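> Sharing a model that was predicted from the sequence below.
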Amino acid sequence: MEKVDQWLPQYSFYDTVYITLTTFNPLVLSWAFYLLYISIVYGLVLPYFGLFYTVLFFLILPVLGSFVVRNYILPSRRSKSLPPRTFTLSSATFGQSPPNISFKNPATGVSTGSYSSYSPADVASVLTLARTAQASYSSSSTFSDRSILLSDLMQEIILHQSEICKLSMQDTGKTYLEALYGEILTSCSKLDFLINNGAHILADDYRAPPLWLLTKSAHVEYQPLGVIGIIVPWNYPFHNVLSAVITAIFAGNAAIVKVSEYATSSKDYFESLFRRVLSRNGYDPNLVTLVSGYGQTGEALIKCGIDHIFFIGSPMTGKKVMAAAVENLVPMTLELGGKDAFIVFDDVNIDHVIQIALRGVYVNNGQNCIASERIYVQSKIYNQFVQKIVEKVSALRSGASILDEQVDIGSMTMQLGITKILDLINDAVSKGAKLLAGGNVKKNAAEGTLFFEPTVLVDVTNEMKCVQEEAFGPLMLIMSFETEEEVIQKANDSQYGLGCSVFSRDRSKAERVGKKVRSGMVTVNDFGVGYLVQSVPFGGVGMSGFGKFNGSEGLRAFCNVKTVVRNRWGGEVLVPRFSQFPVLKEAREVVEGLIGVLYEQGARNKIRAVQKLQKNAQLLK
C-alpha cells in the first residue's frame with residue numbers, strides 16, 4: 001500500500017520558500033534575496049516600482065523552488081537505484097501481419113511508407129508481457145519513483161520536441177506552431193500536474209464512519225487496475241498517447257495503445273521515447289507498448305482481457321467499442337467529440353472576441369473535439385461581427401508548414417474529412433445558408449494534398465446538418481439570437497454536450513447562461529483553456545461520451561477504488577448480544593431504540609428511544 005509520506009507534498013508558496021531556503025542553492029538564494037532586497041529598497045523610495053519587484057519576487061520564487069525540487073529534492077527521494085535496462089521496439093517482434101497501412105503526408109502528398117498491423121495474437125502476446133512488467137513496476141515503484149520517471153520523460157520530450165513536432169506534422173499536416181502548442185506545451189503541462197499532485201490524489205483517503213460505528217476506521221485506497229487499453233485518434237498523435245499513458249503509469253498500471261491508422265508513421269519513434277526513459281530508470285520497457293492496425297487490432301485489444309478501456313473518437317466507433325467490451329464487462333472512459341456552442345452577447349469587445357473565435361474554430365484546422373463549431377451572436381452586433389470576421393478569415397493562409405511555409409493553418413488529415421465538410425456546406429446552402437468565405441478545396445494546391453479553405457457560413461439554422469453533425473474541420477457557422485432564453489434553447493438543441501464558451505462583460509450573466517447549457521465544461525470569456533487547467537476534469541455528456549480524464553477524476557479512473565474498514569484501536573471489538581446469533585427476541589426493540597436515538601426528531605421521540613435502550617441495557621454489552 002502506497003502512502004503519501006513516500007512522496008513530496010504538493011507545494012504551497014510557503015513550502016516553496018522553505019525548500020528554497022533549506023537547499024542552500026547559491027543561484028536560487030541570490031536571485032530570491034536580490035529581488036526581495038530590490039522590492040524593499042525601492043519600495044521606500046518609489047512605491048510603484050517597489051510593488052513591481054515585490055510581485056516579481058512572489059512570482060519567481062515558486063518557479064525557482066520548483067527548479068530546486070526537480071533537480072535536487074526529487075532525485076534524493078528515489079526509493080532505490082535500479083540498473084538501466086536495454087530495450088527493443090515491439091515492432092521488432094510483433095506487428096508483421098497484413099493488412100499493410102500505407103500513408104502519405106497530407107500537407108505534401110509524399111508517401112511516409114507502409115506499415116504492418118498487429119494481429120489479435122500479437123495483441124495477446126503484448127498483453128502477457130505488459131502484465132509481467134506491471135506486476136514488477138507497481139510493487140517496486142513508489143510515488144517518488146514515478147515522479148522521477150515522469151520528470152525524466154518531460155526532459156526527454158523537451159530535448160526532442162523538434163522531432164516530435166515534425167512527426168506530428170507528417171502524420172496530420174498541421175503547422176509547427178500547432179504542434180508546439182498541442183503536442184509539447186499541453187504534454188508538459190499534464191506531466192507537471194501529475195508530478196506535483198499525483199501522490200496527493202492517490203494517497204489513502206480517510207473517511208468518517210457514522211457515530212454508532214465509532215470503533216471503526218475507514219479509508220479508500222487507489223490501487224492499480226493492471227493494464228489499460230488506450231485507443232486514440234490522429235488529431236494530436238503524440239499528446240493523445242502521452243496523456244493517457246502517463247496517467248496509467250503514475251497510477252501503477254501498464255499501457256497498451258492502439259494508435260490511429262492515420263498516425264502510424266510516428267508510432268515507433270513515440271514508443272522508443274517511452275521505452276528509453278523506462279529502461280534508463282530500470283523498469284521493464286514492456287510497461288508501454290504502441291500497436292498499429294485497423295479495427296481488427298482495436299477489437300482484439302478490447303477483448304484480450306484488458307482491465308480498462310480509454311477511448312477517444314466518434315460516437316459511431318464509441319458504440320462499437322462498448323459492444324466489444326460487453327463480453328468481459330470492461331469498464332471504460334469514452335470521449336466522443338463535440339459540437340460546442342460559442343455564445344457572444346452584444347456588450348463584448350468585438351475585436352477581442354473575434355480573435356478568440358478564430359482560434360476556437362480554426363485551431364488545428366478545426367480538427368479538435370472542443371472546436372467552437374456553433375457561434376451564436378446577439379442580433380445587435382451580428383452584422384458587424386460577421387463583416388469583421390469574414391475579412392479575417394479571407395486573409396488566412398493555409399499551406400505546408402513542414403516545408404517551412406509561413407502559414408496560419410495546415411491541411412486536413414483525411415480525404416473523408418473533406419468529403420464530410422463539402423456535404424455539410426452543400427446541405428446548408430441548399431436550405432438557405434450563405435457562404436461568405438471558403439467552401440472548397442484550396443486552389444492550386446499540390447497534387448495529393450488535403451488543403452481546404454477556411455470557410456464561413458451565416459444565416460444557419462439548427463435544422464441544418466452542419467449544426468447537428470460534428471464537422472471536424474475549418475468550418476465556421478454563425479447564427480444570431482435575441483435573448484438569453486433563445487440562445488440557451490439553441491445551444492442545448494444538440495446531441496453533443498462537451499464544452500461551451502460564453503462571452504459578456506457582465507460575468508454574472510455569462511455564468512448564468514453557462515450553467516444552463518447542457519455540457520461537461522463551460523469557459524467564460526475565453527475558449528478551450530479548461531483543458532490546460534489539468535487540475536479539473538475533462539469530458540462531456542450525451543453523445544460526447546462519459547467518464548472524465550484530467551484532474552483527480554481522470555487519475556482515479558485508472559484505479560481500483562478500494563474501501564478498507566478496520567478496528568480503530570486494533571484488537572478485537574466485542575459483538576453486542578443484540579447482534580449475535582441465535583437472534584434474541586428483544587433485539588428488535590434495541591435496534592428501534594438506536595434508530596430513534598440517532599435519527600428521530602423531537603424530544604419525546606428521543607426520550608422514548610432511550611427508554612427502549614435502558615430496558616434492554618444488558619443486550620448492549
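Okay, I see it. Numbering: from 1, shown residues only.
> Can you give the contact residues for stretch 482-491?
341, 343, 374, 376, 378-379, 462, 479, 481, 500, 509, 512-513, 516-518 (CB atoms under 8 Å, 6 or more residues apart in numbering). C-betas here are computed from N, CA, C, even on glycine.
> Next up, the contacts around the residue sitting nearest the centre point of the chain.
A centroid search over the chain (CA atoms, centre = their mean) returns Asn550, at 3.8 Å, as the residue closest to the centre. Contacts of Asn550 were listed using CB under 8 Å, 6+ apart, and they are Lys190, Phe193, Ser243, Tyr531, Gln534, Ser535, Val536, Pro537, Phe538.
> Just to be sure, Lys446 is in a strand?
If you look again at residue 446, you'll see it is Ala, not Lys. No - going by DSSP: H, G, I helix; E, B strand; the rest coil, the assignment for Ala446 is coil, not a strand.
> Distance check, it against Gln155.
Distance check for Ala446 against Gln155: by CB to CB, to the nearest Å, it reads 37 Å.
> now do Ser141
Distance from Ser141 to Gln155, counting by CB to CB: 19 Å.
> what about the helices in the stretch 451-600 of the chain?
With DSSP state H, counting those that start in this stretch as the criterion, the stretch 451-600 of the chain has helices at 465-468, 484-491, 507-516, 551-556, 587-599.
> Lowest average pLDDT across the ones you listed?
Of all the helices of the stretch 451-600 of the chain, the minimum mean pLDDT falls on helix 587-599 (a mean of 92).
> which outside residues touch the following helix or strand past it?
Scanning forward in sequence from helix 587-599 by DSSP states H and E, the next helix or strand is helix 603-615. Outside helix 603-615, the residues that touch it by CB under 8 Å, 6+ apart are Glu589, Val590, Glu592, Gly593, Leu594, Ile595, Gly596, Val597, Glu600, Leu620.
> out of those residues, which are buried?
Among these, those classed as buried by 16 or more other CB atoms under 10 Å are Glu589, Val590, Gly593, Leu594, Gly596, Val597.
> Would you check which pair of those residues lies furthest apart?
Glu589 and Val597 (12.6 Å; CB to CB).
> Any idea how many residues pack against Lys434?
Lys434 has 13 neighbouring residues, counting by other CB atoms under 10 Å.
> Backbone torsions only: list them for it.
phi -110, psi 130 (degrees, to the nearest 10).
> Thr461 is in contact with that one, correct?
No - using CB atoms under 8 Å, Lys434 is not in contact with Thr461, being 11.8 Å away.
> on that earlier part again, will you turn the helices of the stretch 451-600 of the chain into TSV that also has distance to Thr247?
Output for the helices of the stretch 451-600 of the chain, formatted as TSV (distance: least, CB to CB, whole Å):
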stretch	distance to Thr247
helix 465-468	32
helix 484-491	31
helix 507-516	27
helix 551-556	6
helix 587-599	41
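> For Ile256, find the nearest of the ones you listed.
helix 551-556 (18.3 Å).
> Which strands or helices does that closest one pack on?
helix 186-202, helix 239-250 (3 or more CB pairs under 8 Å, 6 or more residues apart in numbering; DSSP states H and E).
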